[in-house]
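K.L.:
With the input below, show me the fold.
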Amino acid sequence: MPTTKKSSRRRAVASLANDVGVQRHQLFKAGYARITSAIASGWYLEAIVLVESLLTDRFESRLTHLTGTNVAFLNLGPLIDLVRANETNPLLTALVAGDIDSWRRRRNAAAHEMLKIEEGTAVPFEDRLGALRLVAQDGVRLLRSYSKLAEKDRARGSVR
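P.N.:
Down below sits the predicted model:
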């Protein structure tokens, strides 16, 4: 596995001996519901943050299975690099390296540049906020696409 800043925290792994799978399912169900509600209410930044949390969890799960090591609590950028280096399914690699990495850059702008002014621009707050709707919606679409492809691959037994 390529070197990256590692977390000392460990990802909880579901097994027959614990209820991590049930807890994770409940969190995901609540998370998806909150994302839907946040987008409907115009709380796009909240939806984007929750989408990112679900995406990073899915990447950590996939990477833990692919590498046999506990990959946990990393930021989206380093996780994308790890997926590029370790993913065995070319469809997942292309999705992550292309559309999801592009979404990550849009997410970064939403989170870190929402209230900054670039020289020569004058974009009102409401216009900036309105542009985030598409970022949130695209994030949900990409999360669902990734999850569906990864689950299909895992069900085929392609992941150890």
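
K.L.:
what mean pLDDT would you report for the helix or strand that Arg62 is a member of?
P.N.:
Assigned by DSSP states H and E, Arg62 belongs to helix 44-67. Averaging pLDDT along helix 44-67 gives 97.

K.L.:
I'd like to know which elements that helix is packed against.
P.N.:
On a contact count with 3 or more CB pairs under 8 Å, 6 or more residues apart in numbering; DSSP states H and E, helix 44-67 meets helix 20-41, helix 76-86, helix 101-112, helix 125-155. Using the backbone N, CA and C atoms, a C-beta is placed for each residue, glycine as well.

K.L.:
any idea which of those helices is most buried?
P.N.:
Ranked by mean neighbour count under mean count of other CB atoms under 10 Å, the helices and strands packed on helix 44-67 are led by helix 76-86, which reaches a mean of 17.

K.L.:
buried residues in the helix or strand that comes right after that one?
P.N.:
For helix 76-86, the following helix or strand on the C-terminal side (DSSP H and E) is helix 90-95. Across helix 90-95, burial judged by 16 or more other CB atoms under 10 Å covers Leu92, Leu95.

K.L.:
So which residue is dead centre in the protein?
P.N.:
Per CA atoms, centre = their mean, the C-alpha nearest to the average position across the chain is that of Leu55, at 1.9 Å.

K.L.:
didn't it look like it was pressed against Ile100?
P.N.:
Yes: assessed by CB atoms under 8 Å, Leu55 is found in contact with Ile100 at 7.1 Å.

K.L.:
what do those two both touch?
P.N.:
Common contact partners of Leu55 and Ile100 (CB atoms under 8 Å, 6 or more residues apart in numbering): Leu142, Tyr146.

K.L.:
how far is stretch 52-72 from where the chain is centred?
P.N.:
Stretch 52-72 sits 10 Å away from the centroid of its parent chain (CA atoms, centre = their mean, to the nearest Å).
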